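1. give me coordinates for this.
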Amino acid sequence: MNNVGVTSSNLIAQAPAGGGAALDQVFGMTAAAGVISLFLLYLAVMHRTRRITWLQRLADYAGEKLHRPGWVALPLVMFISTILTAFFGFIWDVSLHIGRGRDEGPLANPAHYFILVGLFFLFIAGALAIILPRDEKPGPAAIKITRTWYAPTGGLLIAGSGLYALIGFPLDDIWHRMFGQDVTLWGPTHLMLIGGAGLSLVGVLLLEHEGRVAMASTAVTTAATAGEPDGETTADPAQAVDSRKRSIITWFMRSSAFGGLVIGLSVFQIEYDFGVEQFRLVFQPLLMTAAGAFALIAARLMVGRGSALFAVAFAAVIREITALIVGPVLGEPHSVFTLYLGMAVVVEIMGLTTLVHRRLLFGAVTGVAVGTVGLYLESMWVDAVFLYPWPNSMWVEALATCIPAGLVVGLTAGLFAQALSGDGLPRPAVRRSIVVAMVLVLGGSVANGLMIDVPQGASATVSLTDAPREDGFRMVTATVSIDPSDLVSDDPEWVSILAWQGAGDSLHGLVVDNLERTGPGEYRSTRAMPVDGTWKTFLRIQDGRTMAGAPIFMAADEGIGAEEVPATTEFTREFQYETKLLQRERSFDHPAWLFTAACLVVLACSLALIWSLSWGAARISLATPGNTATKGSKERSRV
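-> This is a model prediction of the structure:
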């Protein structure tokens, strides 16, 4: 780097066309956030001083329908609608970037409005849970704000998760100004956006649990006042029917929440769902194992039989509806998704054993089963619908990461379920060790997945043959000769041509072709690819840790000062670091320490969010009547 002395303020000020939003859009978003914050403050004051009554009436109505306290029911209703809005905007946004390339800022992309509205209202849902309790302490784990104002722990965690995600929006544009547009889902600030929204589902589950505990306490008190032993009601058939109805509603509501958690934890895989994965394929089974093990094991332990199957069915319906709207209806690239059915079947079968009564052991054993048998069953779905099926050569490395990941994530799911079960928690040292082990194992697995080798001196000779034009674009088929011929094994993750960000009425801006092997180092197209307009078309290889690309056609881009790479009839080009092709707008002209420091800041914020959720679960567990940290003593509420 020759600009080591460049300061971060200068980098931000440069702001080329490919480097972030115009400042007026950033200021506009900041002003909107300020207005919303002032409105929430006004609403809190008016509600708590009893100058308005409509908010309480609305909460009471929601509570009557959902059989939960109003401070739980109204935030839950708002959360469901807003998280679905944000998820739709997220999928649409990813498809727009894949099919059309970068946008000019947060307000220049229609999908961003759905994301922003969803995230703002996600924060508001948590804020409402904090504002609404007025004449009561909302559960034994409530946190004291003022002398007479208590807020549910789950509400604070939802608001905190929403705020964490919202902060990612302005930071994302600052990031782009400093480092260019890293058009990948796994950009650090992008992970803040999706991580905050996805993990907010944990806060929702905690809030719902606080509501059930509060209602149970109220029922016991009411029954005791009426003289009924142990809080039992009289044997009224109408009451029995109503009780069964409430149980069914509760089961569906909680199972749906875990279905939402499946969706929230699976969003990290979206690049694989579209077929434009920018990282090694071994990440996909790892992410599937982590998401499936936590959400489905916790669902089975906390809700009961059939809940894991219902959760994956709920998630599949939402994902398919979203994919159909974004794809065929709006005309953007279509995505597939992980089904998780095989993993859910494994969890339900394990739930029939006696292990289900020992939550930590059940979590550990079932997590390993999810990362092996469940993963194998899921691979059949991957082979059937995904663009890149898993090669046999990848399974050794996949199992080496998925088995320990399934173990520690399953343990964490068991710990989470035990925290809200009424049986109390293990000693602080044990529960801290479980959470820390999960972070370390997943961190090590991610570090392994990020290890790639770019072959030096390797090249590809490509011969192009014109095919009929499509959407007005020049289309070609290719024959490829890789040098050295043994660079790629007989069973690679992929040897393919990717064309994206070119739009088009029928091509929709994304074309992927898995090449057919015709001999040692020799491959040919199975379909025509676009090579003009705004398309970026290049050859990709991934074989174990070898991962590289060679350009076939790259459109000129004045915004970043990039010249066209022409698609001539025949050419030889060296393989290079693929990120420079996939993330063409990304700037590598900055001090290395600055990028590392920025990533560490985001990592620290993410770990703080995980710690907060762990702390919240422990606090609620230890404050629940009858719970103790160990069988013989009460411990402090910390993780």
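2. can I get stretch 338-352 as PDB, trimmed to CA atoms?
-> Only the C-alpha atoms of stretch 338-352 are listed here, as PDB (Å, rounded to 0.1, in the frame of the first residue of the first chain):
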ATOM      1  CA  THR A 338     -32.400 -24.800   3.000                       C
ATOM      2  CA  LEU A 339     -35.300 -27.000   3.900                       C
ATOM      3  CA  TYR A 340     -34.000 -28.200   7.300                       C
ATOM      4  CA  LEU A 341     -36.500 -31.100   7.100                       C
ATOM      5  CA  GLY A 342     -33.900 -33.800   7.500                       C
ATOM      6  CA  MET A 343     -32.600 -32.100  10.600                       C
ATOM      7  CA  ALA A 344     -36.000 -31.600  12.100                       C
ATOM      8  CA  VAL A 345     -36.800 -35.400  11.600                       C
ATOM      9  CA  VAL A 346     -33.600 -36.200  13.400                       C
ATOM     10  CA  VAL A 347     -34.500 -33.900  16.300                       C
ATOM     11  CA  GLU A 348     -38.000 -35.300  16.600                       C
ATOM     12  CA  ILE A 349     -36.700 -38.900  16.600                       C
ATOM     13  CA  MET A 350     -34.200 -38.100  19.300                       C
ATOM     14  CA  GLY A 351     -37.000 -36.400  21.200                       C
ATOM     15  CA  LEU A 352     -38.700 -39.800  21.500                       C
END
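3. now do the buried residues in that stretch.
-> Buried residues in stretch 338-352, defined by neighbour count with 16 or more other C-beta atoms under 10 Å: 338-348, 350-351. (C-beta placed from N, C-alpha, C; glycine too.)
4. just put those residues in a markdown table and tack on pLDDT, secondary structure and distance to residue 433.
-> Below are these laid out as a markdown table (pLDDT from 0 to 100; DSSP: H, G, I helix; E, B strand; the rest coil; distance: C-beta to C-beta, whole Å):
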| residue | pLDDT | secondary structure | distance to residue 433 |
| --- | --- | --- | --- |
| 338 | 94 | coil | 30 |
| 339 | 95 | coil | 33 |
| 340 | 97 | coil | 28 |
| 341 | 96 | helix | 32 |
| 342 | 96 | helix | 30 |
| 343 | 97 | helix | 25 |
| 344 | 97 | helix | 28 |
| 345 | 97 | helix | 30 |
| 346 | 97 | helix | 26 |
| 347 | 97 | helix | 24 |
| 348 | 97 | helix | 29 |
| 350 | 97 | helix | 23 |
| 351 | 95 | coil | 25 |
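5. residues in contact with the residue lying closest to residue 133 once chain neighbours are set aside?
-> The shortest distance from residue 133 to any non-neighbouring residue, by C-beta to C-beta, 6 or more residues apart in numbering, is to residue 71 (4.8 Å). Shown in contact with residue 71 (C-beta atoms under 8 Å, 6 or more residues apart in numbering): 59, 128, 129, 132, 133, 138, 152, 155, 211.
6. roughly how far apart are the closest residue to residue 522 other than its chain neighbours and residue 459?
-> Nearest non-adjacent residue to residue 522, counting by C-beta to C-beta, 6+ apart: residue 481, 5.7 Å away. Using C-beta to C-beta, to the nearest Å, residue 481 is found at 9 Å from residue 459.
7. and stretch 64-71, what's buried?
-> Going by 16+ other C-beta under 10 Å, stretch 64-71 has these buried residues: 66, 67, 68, 69, 70, 71.
8. in terms of contact, does residue 348 touch residue 301 like I think?
-> No - using C-beta atoms under 8 Å as the test, residue 348 is too far from residue 301 to be in contact (11.8 Å).
9. thinking again about what came up before, how much space is there between the residue nearest to residue 133 and residue 345?
-> Following C-beta to C-beta, the distance that separates residue 71 from residue 345 is 37 Å.
10. what does residue 243 give?
-> Taking C-beta to C-beta, one finds residue 243 at 31 Å from residue 345.
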